[in-house]
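Novice: just the structure for this:
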Amino acid sequence: MRDGIYRVQYETATLCATGVIVLNNGELNGCDRFHFMFGDYRQRGNNLTGRVTFKCHTVRTGRPAAIPEQFELICKGVGSDSFGQFNFRCPGTPQIRGRASFTWLADFTPV
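Specialist: Model (predicted):
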């Protein structure tokens with residue numbers, strides 16, 4: 001993965017969403033319409049692993065009561081310089097699991 005801005009699309013049993021993430025030297029930050037996201041990732045060859053914390057900023061109608069306002073995901077998948085996909089799961093909340101893909105949008109240069 002190269003540092004930069006990516007579109008991320010993910011789905012679980014109860015939600016499909018699209019957001020934007022910034023990858024920068026092993027750190028990930030971003031948001032979608034319901035959550036802030038922050039965490040870290042590691043790439044070895046084409047294999048990706050990471051941990052991402054989701055923190056709710058807007059409560060969605062119909063959100064299952066069992067879904068906490070903040071939770072951590074463990075992610076594993078594959079990636080290249082401009083595209084990737086991974087599966088994720090939440091150890092503390094087993095019903096949070098799904099898959100995601102991300103697509104390169106632009107370079108990112110921190111100020």
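
Novice: now the residue most central in space within the chain: how far from residue 62?
Specialist: Among the residues of the chain, the one closest to the centroid is residue 52, at 6.1 Å (Cα atoms, centre = their mean). Using Cβ to Cβ, to the nearest Å, residue 52 is found at 23 Å from residue 62. Where you see a C-beta, it was placed from the backbone N, CA and C, and this is true even at glycine.

Novice: before we move on, the earlier item: okay, and the beta partners of the residue nearest to the centre of the chain?
Specialist: Taking DSSP bridges as the rule, residue 52 bridges to residue 39, residue 73.

Novice: quick one: it from residue 26, how far?
Specialist: Taken as Cβ to Cβ, the span from residue 52 to residue 26 is 12 Å.

Novice: quick one: the helices in the protein, in order.
Specialist: Using DSSP state H, no helices are found in the chain.

Novice: where does it have low pLDDT?
Specialist: Per-residue confidence for the chain (pLDDT under 70) gives these ranges: 110-111.

Novice: ok, now with 80
Specialist: 14, 62-66, 109-111 (pLDDT under 80).

Novice: show me where the protein has strands.
Specialist: For the chain, the strands defined by DSSP state E occupy 4-11, 16-24, 27-32, 35-44, 47-56, 70-79, 83-89, 97-106.

Novice: tell me the angle the fourth one makes with strand 4-11.
Specialist: Counting by axes from the mean of the first three to the mean of the last three Cα atoms, to 10 degrees, strand 35-44 lies at 110 degrees to strand 4-11.

Novice: and strand 35-44, what's buried?
Specialist: Of all the residues in strand 35-44, those buried under the rule 16 or more other Cβ atoms under 10 Å are 35, 37, 38, 39, 41, 43.

Novice: what comes into contact with that strand?
Specialist: 1, 19, 21, 23, 26-31, 48-57, 72-73, 75, 79 (Cβ atoms under 8 Å, 6 or more residues apart in numbering).
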